[in-house]
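Student: Requesting a structural model of the entry that follows:
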Amino acid sequence: MNDTVYVGNASEDAVRDRGWLLGHFKDAGDPRHSEAVEIKWGIHPRGDERTQWVTGEERTALLVLISGRFRVELPGRSVLLARQGDYVLWGRGIDHSWFAEQDSVVLTVRWPSVPGYAATQEEQTRSPR
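Tutor: The predicted structure follows:
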């Protein structure tokens, strides 16, 4: 078996690391370890929202809607992702937040993978009651 190959399921693997499938936070020997990029499979129930805005962002991010209806809040702008494949990209220094208008699945790609940045589960999301 080649240790540079990893086969998994995004929905199952996402549960282990708050949705993150690839990035600096994976063990160095894991093929999913990367200092260049982070990838997240986000599964958000309707009403799920980020409790605090991300500020001081040091990465560029691309968020792609797989299913559902998902809103990304940016300074002075609200972006609605409503059709499969809709996406938004923002660069370094752009604050952001988000809200799941319907049950949603989104794929997020961020680069570079920056050590030391990690929101706690409480800071990151507030699930609907």
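Student: what's the closest non-adjacent residue to residue 24?
Tutor: The shortest distance from residue 24 to any non-neighbouring residue, by CB to CB, 6 or more residues apart in numbering, is to residue 113 (4.0 Å). All C-beta atoms are positioned from the backbone trio N, CA, C, and that covers glycine.
Student: part of a strand, is the one you found?
Tutor: No - counting by DSSP: H, G, I helix; E, B strand; the rest coil, residue 113 is located in no strand; its state is coil.
Student: show me the contacts for it.
Tutor: Taking CB atoms under 8 Å, 6 or more residues apart in numbering, we find residue 113 in contact with 23-25, 34-38, 59.
Student: run the last query once more with 7 Å
Tutor: If a contact means CB atoms under 7 Å, 6 or more residues apart in numbering, then residue 113 has 23-24, 34-38 as its contacts.
Student: what do you get for residue 53?
Tutor: By CB under 7 Å, 6+ apart, the residues touching residue 53 are 95-97.
Student: Just the buried subset of those residues, written out for ChimeraX, thanks.
Tutor: In ChimeraX syntax, the buried subset of the contacts of residue 53 is picked out as below (16 or more other CB atoms under 10 Å):
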select :96,97
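Student: pLDDT, distance to residue 29 and secondary structure for the contacts of residue 53 - can I get that in TSV?
Tutor: Formatted as TSV, those follow (pLDDT from 0 to 100; distance: CB to CB, whole Å; DSSP: H, G, I helix; E, B strand; the rest coil):
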residue	pLDDT	distance to residue 29	secondary structure
95	95	35	coil
96	96	32	strand
97	97	35	strand
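Student: between the contacts of residue 53, which is closest to residue 64?
Tutor: Closest to residue 64 out of the contacts of residue 53 is residue 96 (14.8 Å), distances taken as CB to CB.
Student: Confirm for me that that closest one is in contact with residue 52.
Tutor: No - the criterion here is CB atoms under 7 Å, and residue 96 misses it with residue 52 at 10.8 Å.
Student: which residues of this structure fall in helices?
Tutor: Using DSSP state H, the helices of the chain run over 10-14, 121-124.
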